[in-house]
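S.K.: Build the 3D model from these lines:
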Amino acid sequence: MMVVFVVAAVGLTILAVGLVLVPILRSSVNIEVSDNKRVNVAVFKQQLAELEGDRDVGSLDAQQYLVAKQDLERGLLDDLGSGRHWEVGPKSGRWLAGLLGVYVPVLTAGIYLAVGDYSYVNPSNAVNASTPNMRSADIANMVEQLAVRLQSNPDDVQGWVMLGRSAGVLG
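M.R.: Reported below is the predicted structural model:
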């Protein structure tokens with residue numbers, strides 16, 4: 001039973017670390033914007049077309065249209081004249097991935113060793129915890145009585161399951 005627990009704990013830890021590391025390792029950004037002005041002009045044209053569409057539909061009058069168009073033009077001039085040039089190079093989160101890949105499992109194991117209780121995993125402790133006032137001889141006697149009863153009633157599936165489990169725990 002302890003092996004199943006350890007395998008499950010290790011598997012879940014690997015899954016958790018993987019779920020954290022995959023996005024970090026894939027987050028390298030390879031975007032280079034060499035001509036930010038072209039993007040700003042395209043956005044301006046789109047917004048101007050929407051503004052003209054609103055004017056044609058009648059949701060804007062001539063004065064509102066002129067004010068909104070001047071605001072758009074002023075914003076475009078600010079963006080084009082600012083000289084800002086955005087370049088985003090590749091980012092690497094590999095150091096963070098390595099750090100998390102090591103520290104998460106180590107920290108998890110350390111916390112479990114410090115705070116965890118192995119008695120819940122060991123099946124012999126579960127038997128002892130559920131029958132604290134019974135001696136081993138009493139339990140063995142009950143198992144023998146179950147075996148005798150099953151000889152007279154061999155179709156009792158639950159009894160056979162209980163006998164198998166009892167034999168597995170008692171050895």
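S.K.: Number of residues surrounding Glu52?
M.R.: Neighbours of Glu52 under the rule other C-beta atoms under 10 Å: 13. Using the backbone N, CA and C atoms, a C-beta is placed for each residue, glycine as well.
S.K.: quick one: the helix or strand where it lies to chain centroid distance?
M.R.: Glu52 belongs to helix 36-57 when assigned by DSSP states H and E. Centroid separation for helix 36-57 versus its chain: 41 Å, with C-alpha atoms, centre = their mean, to the nearest Å.
S.K.: Pull out the buried residues from that helix.
M.R.: 36, 40, 44, 47, 51, 55 (16 or more other C-beta atoms under 10 Å).
S.K.: Same check on stretch 5-24?
M.R.: 9, 17, 21, 24.
S.K.: For this structure, which element, helix or strand, carries the lowest mean pLDDT?
M.R.: The weakest-scoring helix or strand in the chain, judged by mean pLDDT, DSSP states H and E, is helix 123-130 (a mean of 56).
S.K.: which helices and strands does the longest helix seen in the chain pack with?
M.R.: If you go by DSSP state H, the chain has its longest helix at helix 2-26. Applying 3 or more C-beta pairs under 8 Å, 6 or more residues apart in numbering; DSSP states H and E, one finds that helix 2-26 contacts helix 94-115.
S.K.: what's next to the helix it packs on, contact-wise?
M.R.: Contacts to helix 94-115, defined as C-beta atoms under 8 Å, 6 or more residues apart in numbering, come from residues 9, 13-14, 16-17, 20-21, 24-25.
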